[in-house]
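Q: need the 3D shape of this:
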Amino acid sequence: MSSVRLEFGVAAETLAGRRLSGDRHVVCGFDGGMLLGVLDGLGHGQEAHEAAHIAGSMLEAHPSEDLASLFARCHESLRAARGVVMSLASFRFADGTFAWAGVGNVEGRLLRANGGGGCESLLLKAGLVGLRIPIFEAQRLPVAPGDTLVLFTDGIEGPVSDTVRRGLPPQEIANHILQRHQKGTDDALVLVARYPEEVP
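A: Presented below is the predicted three-dimensional model:
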């Protein structure tokens, strides 16, 4: 397995009064790349937590597969459980690209380190993994050292990318987003990952 890894941070909060969160993240390396994902089980509590766990375990078992295959695997595994919404990003270090795709309302932003510091948003498709998933092709983009990926569930609201101080470590960015943009009426999770400065 490649020794290259993205630096990442995660911040999460379970809805008040609930013991288990329906939100989950996945960060999984494979030879030549990394898979990152944020999942949100339908509803709240135990059943939402179990649905996110089923899909997360499937992703961790097959991290190097293309995103269409991963969505299909999760869809099949969730037919007897609650569905999830989720967004995934798969980085390939050899060609400096990543593919991302989302079904439901787990939002994604790519904050560029150079070229004026632009921000790109993940195009989300309507659907619910486990119930119905759309036909889609993952969007593949070039990625450069210092570019920062942000994925977050619908427990986060507001102009997230506008408040990010891009030079901070990913964990501090995730903490800041949770503290500033958490709705307080739902589980909330933020995953932040930064593309490494040196990739062999």
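
Q: which residues in the protein form helices?
A: If you assign secondary structure with DSSP state H, the helices in the chain sit at 45-61, 67-77, 170-181.

Q: could you name the helices and strands sitting against the helix or strand of the chain with the lowest mean pLDDT?
A: The least trusted helix or strand in the chain, going by mean pLDDT, DSSP states H and E, turns out to be strand 119-121, with a mean of 93. Applying 3 or more CB pairs under 8 Å, 6 or more residues apart in numbering; DSSP states H and E, one finds that strand 119-121 contacts strand 107-111. From N, CA and C alone the C-beta is placed, and that goes for glycine too.

Q: what separates the strand it packs on from the chain centre, distance-wise?
A: Chain-centre distance of strand 107-111: 9 Å, with CA atoms, centre = their mean, to the nearest Å.

Q: now do stretch 72-85
A: The chain centroid and the centroid of stretch 72-85 are separated by 17 Å under CA atoms, centre = their mean.

Q: buried residues, it. List them.
A: 73-75, 77-78, 81-85 (16 or more other CB atoms under 10 Å).

Q: please apply the same query to stretch 97-108.
A: For stretch 97-108, the neighbour count (16+ other CB under 10 Å) marks 98-104, 106-108 as buried.

Q: ends of that stretch, how far apart?
A: Start and end residues of stretch 97-108 are separated by 16 Å (CA to CA, to the nearest Å).

Q: that stretch - what's its average pLDDT?
A: Averaged over stretch 97-108, pLDDT sits at 97.

Q: wait, what's in contact with the residue lying closest to residue 67 once chain neighbours are set aside?
A: Among residues not flanking residue 67 along the chain, residue 138 sits closest, at 4.2 Å (CB to CB, 6 or more residues apart in numbering). By CB atoms under 8 Å, 6 or more residues apart in numbering, the residues touching residue 138 are 66-68, 90, 99-101.

Q: try it again at 6 Å.
A: 67, 99, 101 (CB atoms under 6 Å, 6 or more residues apart in numbering).
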